[in-house]
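Undergrad: what's the 3D shape of this:
(chains A and B)
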Amino acid sequence: MTDTQLSEIPALGRLYAGALGSAAKSRLSPSKTTGALPADRHVVRGASVDLARLTEFQHLVLHSATDYLPTGYVHTFAFPVAMSLMAREDFPLPLLGMVHLRNEVQHLRPIHYGEPLTVTAWAENLGGHRAGTQVELVAEVTVEADGGPETVWRGRSTYLAKGVFLPKIDRPEKSAVRAEFVPPLPTALWRLGSDAGRSYARVSGDFNPIHLSRLSAKALGMKQSLAHGMYLASRVVADAVQSHEGPFRWSIDFESPVFLPATVAVAITDDNEASGGWAGATFTGWNPRSHRRHFTGSVTPLDSAAGSSGFSAAAQA
Amino acid sequence: MAAQPESARATPTNNVAGSSVRKAVVIGGNRIPFARSGGKYTYSSNQDMLTAALDGLIARFGLQGERIGEVAGGAVLKHSRDFNLTREAVLGSALSPETPAYDVQQACATGLETVVGLANKIKLGQLESAIAGGVDSASDAPIAVSEGLRRALLDLSRARTTKQKLAAVAKIRPKDLSPNAPSTGEPRTGLSMGEHQALTTAQWKITREAQDELAFNSHRNMAAAYDRGFFDDLVTPYRGLARDANLRPDTTMEKLAKLKPAFGKSLGDAATMTAGNSTPLTDGASVVLLGSEDYAREHDLPMLANIVDAEAGAVDFVHGKDGLLMAPAFAVPRLLARHNLTFDDFDFFEIHEAFAGTVLSTLAAWEDEEFCRTRLGLEAPLGSIDRSKLNVNGSSLAAGHPFAATGGRIVASLAKMLHEKGSGRGLISICAAGGQGLVAILEAR
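TA: Coordinates of the predicted model:
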């Protein structure tokens, strides 16, 4: 893979605007993509965190405004680099309307806001999904250290282009019917106002119109605006790792959108070792009225040493 | 009824800090550097700063996941949503979530009062370990709606019919829409703390030069303490600050002399209090780890100093009988008498520098034969304090004064100074709004 250097973290607004433009264009002339993912990686070197925005982010996801980055914030920071790949003309799937299915993250050590961060992003694992085509975007955050770059955070986000079927990609068989969801006792109720999407857009820079207002969401075929998946993920993971230190991994699967305004029932269940030590937590979020599940996921502490290898291996499998 | 002098020998001396209770020790402390209001911590809340101070302490003493006996903290400028400020900070920290906590508020004495209260619980055997602390933000201060708007909104929330709702809204007047910001004014006199102190400073005839010199020494001493690494294990950087933002290592008497009076301007030539010899509004947090001797030994933690005893005081300042910030002048002699100590028995004096004038008025009172006789009931003046023992590593004029965080700053610093010296005693004196004061004795280990 070759690296394409970007001079700075791209502005998401411009990427969305460009995506709107190319969406319009592709209606007129058929796509010029080869159907394959871009072979290069996008890299931004030595990017710095905006402290005022970080503090706002921390307050929004109920994380104390410490000098260390909430894991969801790192995603938000790195995400535009991944998105710049998806916004390229040769990217085989349309950026707009892409559905966020899953995140898997390794947070390998505390990251101080003052550290210059290098973000490398690439796309891989283009694959079939019963409802369209899915793709994985990987973002890796490194810090320059004496012994070369040290990976401090790695995230893999899975997106689905609904209704897009590319040649030569098989659709998987319809998966077995999911067991019926029986909600556990909630440990929290989140009350999200109709402005929850706008608030998160402000701190994350993710001004995807589906999150901003009912009108802008309707323009993209949604019945109402919806909460950012990364807001839900950032908040639930910040809560789950709150009083625990050390490296950890977490993942979240999004099952149904949270339409705003909303009350989300959340259950975070700690796993404790026999010795009483913390072995991680599982979490679920659902609509307390309809009992539709919005998301499920887990957090697991990592041995400092184990972190760096496991993820790439899993990625290749 | 004739005024009774507040006798310095009034309180009996049984058992306090004696052999019937065990010792409470200072193990260590931590604070974030203090920032000037509107500076680096502008967008950090009290809870953020208290959590940051706690996390630094936890990291320093390996308390991750530990269940501490109790944590007490507080803030002077507090949002109503922060009713459980300290407990929330504990939940956001790396301490065990099973650590209980409570809030304390005694104006600028808050931080020291948390130390005293928890030390007493340790002495009585109720606690093995405790964390005392305090935080204040003048930047992220609560803004309240006006009383008129507040009443109308409460009526509106109780209204059931449209008519009742309209009636509630109709009560709102345009003037009700301007919010109320907190002030450092005394509710009963309407005077700010600085205006009150300006009267006391003039009463005790404290010169401008003496105040500037105290401020100069505070900056110089604190800068020197930073330079020799004294604060390395007392301060954790936060939000890009590694030293107190108010500290001016290069200030000079000439620079201080150029500043215009900020308080007591109506006094004309007797106006001596400037921005240089008064503490600015400040943001910051501090915490102190306390424990029984057993706790410290079992956890292989240092023991810097014992919390020996404390005494609170208050003065009748409302009609000017005493200056607003003069309560320590009364509390210190009572505390000394209880322990049969004199100023000569102390190696360090930590007198909180709310204003240079406060420190100097208090010292003047203790040297004044008439004040000591008529007001303290002493046969001779309490005496002078050796200036070379006063605020030797700087105090609030240099560091700044986030109200509730000052007590923790002083206790941790003094405990370390005493431990470094290896013997002796230190006296802490903190004045507070409402005409109050809290003073304490620490002894070296």
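
Undergrad: Just to be sure, residue A:80 is in a helix?
TA: Yes: secondary structure of residue A:80, determined by DSSP: H, G, I helix; E, B strand; the rest coil: located in a helix.

Undergrad: Which parts of the stretch 251-400 of chain B are strands?
TA: Assigned by DSSP state E, counting those that start in this stretch, the strands in the stretch 251-400 of chain B fall at B:261-263, B:273-274, B:282-292, B:305-314, B:348-351.

Undergrad: so where is the chain shaky, pLDDT-wise?
TA: Assuming you mean chain A. For chain A, applying pLDDT under 70 flags the ranges A:22-34, A:174-176, A:304-317.

Undergrad: was after chain B, sorry
TA: Filtered on pLDDT under 70, chain B yields the residue ranges B:1-19, B:181-182, B:184.

Undergrad: longest helix of it?
TA: Ordering each helix of chain B by length in residues (DSSP state H) puts helix B:208-227 first.

Undergrad: Buried residues of it, list them for me.
TA: Neighbour counts over helix B:208-227 (16 or more other C-beta atoms under 10 Å in any protein chain shown) mark B:208, B:210-223, B:225-226 as buried. Where you see a C-beta, it was placed from the backbone N, CA and C, and this is true even at glycine.

Undergrad: Point me to the helix or strand that includes residue 200.
TA: As the question left the chain open, I've gone with chain A. Assigned by DSSP states H and E, residue A:200 falls within helix A:196-204.

Undergrad: switch to chain B, that's the one I care about
TA: Per DSSP H and E: helix B:193-203 holds residue B:200.

Undergrad: what's residue A:267 in contact with, if anything?
TA: By C-beta atoms under 8 Å, 6 or more residues apart in numbering or on different chains, residue A:267 lies in contact with A:183-188, A:283-284.

Undergrad: In strands, which of those residues fall?
TA: The members of the contacts of residue A:267 that map onto strands under DSSP state E are A:188, A:283-284.

Undergrad: just those now: which is nearest chain B?
TA: Closest approach between the ones in strands among the contacts of residue A:267 and chain B, by C-beta to the nearest C-beta: residue A:188, at 12.8 Å.

Undergrad: Which residues does the closest one form beta bridges with?
TA: Beta-bridge pairing of residue A:188 under DSSP bridges involves residue A:266.

Undergrad: residues near it, how many?
TA: Number of residues near residue A:188 (other C-beta atoms under 10 Å in any protein chain shown) recorded here: 14.

Undergrad: Residue A:269 is in contact with that one, correct?
TA: No: using C-beta atoms under 8 Å, residue A:188 is not in contact with residue A:269; the gap is 11.8 Å.

Undergrad: Pick the one among the ones in strands among the contacts of residue A:267 closest to residue B:260.
TA: The closest of the ones in strands among the contacts of residue A:267 to residue B:260 turns out to be residue A:188 (C-beta to C-beta; 54.0 Å).

Undergrad: need the contact list for the closest one.
TA: Contacts of residue A:188 (C-beta under 8 Å, 6+ apart): A:239, A:265-268.

Undergrad: Kindly reformat these as CSV containing distance to residue A:45.
TA: Output for those, formatted as CSV (distance: C-beta to C-beta, whole Å):
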residue, distance to residue A:45
A:239, 33
A:265, 42
A:266, 38
A:267, 41
A:268, 36
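
Undergrad: Now the two most distant members of these.
TA: Across those, the longest distance by C-beta to C-beta is 13.7 Å; it joins A:239 and A:265.

Undergrad: who in the stretch 51-200 of chain B is up against chain A?
TA: B:51-52, B:55, B:64-65, B:89, B:91-97 (C-beta under 8 Å from any C-beta of the partner chain).

Undergrad: Please see if stretch B:390-403 touches chain A.
TA: No: using C-beta under 8 Å from any C-beta, stretch B:390-403 never reaches chain A; the gap is at least 15.9 Å.

Undergrad: Could you do stretch B:267-283 as well?
TA: No: counting by C-beta under 8 Å from any C-beta, chain A has no neighbours in stretch B:267-283; the shortest distance is 12.2 Å.

Undergrad: Could you export that stretch as CSV, CA atoms only?
TA: The C-alpha trace of stretch B:267-283 is given here as CSV (Å, rounded to 0.1, in the frame of the first residue of the first chain):
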residue,chain,number,x,y,z
LEU,B,267,-10.2,56.5,51.6
GLY,B,268,-8.2,58.8,49.4
ASP,B,269,-4.5,58.7,50.3
ALA,B,270,-5.2,55.8,52.7
ALA,B,271,-6.1,53.6,49.8
THR,B,272,-3.2,51.1,49.6
MET,B,273,-4.7,47.9,48.2
THR,B,274,-3.9,47.2,44.6
ALA,B,275,-4.3,44.3,42.2
GLY,B,276,-0.7,43.4,43.1
ASN,B,277,-1.2,43.0,46.8
SER,B,278,-4.6,41.4,46.6
THR,B,279,-5.4,37.9,45.3
PRO,B,280,-7.1,37.7,41.9
LEU,B,281,-10.1,35.5,41.1
THR,B,282,-8.7,32.1,40.5
ASP,B,283,-9.6,28.6,39.3
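
Undergrad: How about it, which residues are buried there?
TA: Result for stretch B:267-283 [16+ other C-beta under 10 Å]: buried residues B:267, B:270-274, B:276-283.

Undergrad: between the residues you listed, which is closest to chain A?
TA: The closest of these, once distances to chain A are taken by C-beta to the nearest C-beta, is residue B:283, at 12.2 Å.

Undergrad: Spatially nearest residue to the closest one (excluding sequence neighbours)?
TA: residue B:41 (4.1 Å; C-beta to C-beta, 6 or more residues apart in numbering or on different chains).
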